[in-house]
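>>> using only what follows, build the 3D model:
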Amino acid sequence: MQARTLTVQQRDDGVAVVSLARPDRHNAFDDALIAELTEAFRAIDDDAKVRAVLLRGEGKSFSAGADIAWMREQGASDEATNLAGAQRMERAFRAIHDCKKPVLARVHGAALGGGTGLTAAADIAIAAESTVFGFTEVRLGILPAVISPYVIEKVGLAKAKALFLLGSRFDAREAERIGLVFKAVPDASLDAEIEKALGELMKGGPKALAGVKDLLASVGARAVADEAVVATTTRAIASIRGSSEAREGLAAFLDKRAPAWTEQRS
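Numbering: from 1, shown residues only. Next comes the predicted model:
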C-alpha cells in the first residue's frame, strides 16, 4: 500500500492542519498528492468542527511544485490521459481556493512553480524571509498554466506576465511587495506569526468568515471559477508538456544539464 503523501490533523481549537508529506521530494506533487489534497479540502468543507485551515509542508520546503518525473510521464501519455491529469491538478488548486474555511499557508524553504501557485491559492500566506519563490516553468519548456488564474488574482496581470516570462526566482520580501504573500517575517518568527494569524481568524464568526469569501468571489474577478478559463489552462499545460521542447526541458532538469535551447545563443 502506498504511503500517504499528506496528513491532516484536527486541533482542539478548530484548526485543521494540512501538511504536505513528501519531504524527501521537497513536497513536489504527483497524482497521489493531488488526489489527497483534493480529498482533504473537500472533507474540510463539510466538517463543521473546522474553523480554519493551516496549509504547510514538512521538511525543508513548502513545495517545490510539480514532481518533474511525474510531469515528464504526463507529457509522454496519450492526449486524453495527459489532459485528465491536468484537470485533476486544477481541481486540487480549486479545492484550496474555494474552501469555505479560511486557508492560511505557512511558507518556508522553497515555494517554486506549483508551490508558488499553492501560495497564491491560499487566502492568506505568511512566509519566512529565507523562502525562495519563482515561476520557473518556462525554463523547463512548460507553462504555469493551471496556477495562472490564482496568481493573477493575487498579484495582477502585469506582474504575473513579467514573473511568468522571466522565470526568475525572488525572495519573500519581494513576494510581500507584490502581494503574493500577506507578510514576510524572520524565519525564527514564522510559527509565532502563524499562530497569531490563526488566533485572529478565530475571532471572526464562522458564517461571517465564509460570507467574506463568498462576497469577494462574487464581487471580484471570477477568472478562477470560469469554466472557459479552466478549459484553457488545463489544455495549455497538457498540450505543451507533451511537446518536444518540454521533453527536452524536463529531461535536462533530471539529467542536471542545461536544456538544448540555451546553447542556441550567439
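>>> what's next to whichever helix in the chain runs longest, contact-wise?
Looking across the chain with DSSP state H, the single longest helix is helix 79-97. For helix 79-97, contacts defined as Cβ atoms under 8 Å, 6 or more residues apart in numbering pick out 29, 31, 34-35, 37-38, 41-42, 55, 66, 74-75, 77, 103, 114, 117-118, 121-122, 145-147, 150, 224-225, 230, 233-235, 237-238, 241-242. Every residue, glycine included, has its C-beta placed from N, CA and C.
>>> is residue 20 in a bridge, and if so with what?
Using DSSP bridges, the beta-bridge partners of residue 20 come out as residue 6, residue 57.
>>> residues touching it, list them.
Residues counted as contacts of residue 20 (Cβ under 8 Å, 6+ apart) are 5, 6, 27, 29, 33, 55, 56, 57, 58, 62, 63.
>>> what is the nearest of the residues you listed to residue 196?
residue 56 (15.4 Å; Cβ to Cβ).
>>> now the closest residue to the closest one other than its chain neighbours. Its backbone dihedrals?
Once flanking residues are discounted, residue 56 sits nearest to residue 106: 4.2 Å by Cβ to Cβ, 6 or more residues apart in numbering. Here is the backbone geometry of residue 106 (degrees, to the nearest 10): phi -100, psi 110.
>>> tally of neighbours for residue 106?
By the criterion of other Cβ atoms under 10 Å, residue 106 has 22 neighbours.
>>> then residue 44?
Neighbours of residue 44 (other Cβ under 10 Å): 22.
>>> check which residues of the strand or helix carrying it are buried.
Taking DSSP states H and E as the criterion, residue 44 maps to helix 31-45. Residues of helix 31-45 classed as buried: 32, 33, 34, 35, 36, 37, 38, 40, 41, 44 (neighbour count, 16 or more other Cβ atoms under 10 Å).
>>> state the mean pLDDT of that helix.
What helix 31-45 shows for mean pLDDT is 95.
>>> what of stretch 50-61?
Over the span of stretch 50-61, the pLDDT mean works out to 97.
>>> same check, this time on stretch 64-72
Here the average pLDDT along stretch 64-72 is 87.
>>> tell me how far that stretch is from the chain's mean position?
Put simply, stretch 64-72 sits 13 Å off its chain's centre (Cα atoms, centre = their mean, to the nearest Å).
>>> please apply the same query to stretch 116-123.
Centre to centre, stretch against its chain (Cα atoms, centre = their mean), the figure for stretch 116-123 is 5 Å.
>>> contact partners of it?
Contacts for stretch 116-123 (Cβ under 8 Å, 6+ apart): 55, 62-63, 65, 93, 96-97, 102-105, 107, 111, 125, 127, 133-135, 144, 146-147, 150-151, 153-155, 175, 180-181, 213.
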